[in-house]
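Student: Return a 3D structure for these sequence lines:
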Amino acid sequence: MRMKLRHQTVLVAIGAILLSSGAAAAWQGAPGEGDKAYVPPVVAELPLPALPPRPTLDTDSYPACREDYRKKKEPFDQAEAINRCTVAIDAYYRDKMLPYRQAMIAYQDVLSSLYSTQVGANKRYSADTQYRFFQTVMAEHAASNPEGANLAAYRGIEAQYQTDRAYLADLSLVPRSRPGAMITDPTDAAARMSRLVRTGRITTIDGDDLPLEADSICVHSDTPTALAIATALRERFAADGIVVRAPGGFPVVGFPQFSLSRFLHSIDDLPSHELHNH
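Tutor: A predicted model of the protein is given here:
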């Protein structure tokens with residue numbers, strides 16, 4: 001009996017050893033799930049968002065009117081044509097060019113936001129995909145800078161505008177139909193004419209400061225404030241030490257003497273080089 005039990009004990013021990021060795025071999029040959037490196041599941045990338053539509057500048061509607069005045073014979077008609085063209089190209093600048101530049105700035109903001117809010121750091125896109133999209137966005141952003149390729153048409157039109165604007169600012173008489181053509185404020189008129197006499201420069205209706213050689217200062221008798229303007233001129237000239245003489249060189253009655261060959265008188269004819277009516 002004792003021998004039989006001892007035999008069974010030996011068999012059990014041998015079986016345990018075999019089982020242990022088999023388990024160890026199985027563990028070494030086939031590691032469990034917890035011992036493997038984590039591999040994220042394959043997820044299909046979302047389609048990349050499309051770039052926003054790029055603003056366009058309407059170059060076809062730019063007014064081609066700078067030479068229209070040549071079709072007119074009379075000086076006043078020529079001045080009217082110049083004024084009409086100036087107003088037209090200024091309106092184009094205000095209504096087309098400025099809004100386009102504002103639209104391009106907004107376009108660049110949308111490009112930046114598109115990457116930062118939809119693609120950058122989005123785990124649905126790989127790092128390579130994010131980087132490629134970033135490069136695309138930055139290239140379009142740079143091309144939309146003032147000196148970039150996307151604004152080539154704008155720069156061409158702006159150069160044309162500046163050239164035409166300078167061409168039309170030729171010291172022509174401002175037509176009375178244009179607001180601000182008539183200077184009726186006596187103080188303003190006196191200050192402008194005193195500066196003209198002293199410096200030989202005049203400020204145009206558009207704000208440009210230009211040199212001007214004037215042979216006379218004209219006060220229209222049909223201007224309601226004509227008398228007040230003449231009085232203000234006399235007082236301002238006296239205060240600034242300007243001497244007034246008639247065309248023949250004799251002092252004008254009631255005015256101090258005027259040197260520098262500048263004349264003050266009242267006539268109905270305006271010389272073609274006058275910038276404003278007084």
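Student: Show me where the stretch 51-200 of the chain has its helices.
Tutor: 75-92, 98-114, 127-143, 152-168, 186-199 (DSSP state H, counting those that start in this stretch).
Student: centre of the chain versus the third one, how much separation?
Tutor: For helix 127-143, the separation from the chain centroid amounts to 25 Å (computed by Cα atoms, centre = their mean, to the nearest Å).
Student: any weak-confidence spans in the stretch 51-200 of the chain?
Tutor: 170-178 (pLDDT under 70).
Student: count of residues packed around the nearest residue to residue 186 once chain neighbours are set aside?
Tutor: Sequence neighbours aside, residue 232 is the residue nearest to residue 186 in space, at 3.7 Å (criterion: Cβ to Cβ, 6 or more residues apart in numbering). Every C-beta, even on glycine, is put in place using the N, C-alpha and C of the backbone. Residues lying near residue 232 (other Cβ atoms under 10 Å) number 20.
Student: can you tell me the helix or strand for residue 232?
Tutor: Secondary-structure assignment from DSSP states H and E places residue 232 in helix 226-239.
Student: tell me the mean pLDDT over that helix?
Tutor: Averaging pLDDT along helix 226-239 yields 91.
Student: Tell me the buried residues in that helix?
Tutor: Within helix 226-239, the residues scored as buried using 16 or more other Cβ atoms under 10 Å are 226, 228, 229, 230, 232, 233, 234, 236, 237.
Student: now those as CSV including distance to residue 44?
Tutor: Compiled in CSV, the buried residues of helix 226-239 are given as follows (distance: Cβ to Cβ, whole Å):
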residue, distance to residue 44
226, 84
228, 83
229, 82
230, 87
232, 82
233, 84
234, 89
236, 82
237, 86
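Student: Now for residue 96: which residues touch it?
Tutor: Applying Cβ atoms under 8 Å, 6 or more residues apart in numbering, we find residue 96 in contact with 57, 58, 61, 62.
Student: redo that, cut-off 7 Å
Tutor: Residues in contact with residue 96 (Cβ atoms under 7 Å, 6 or more residues apart in numbering) are 57, 58, 61.
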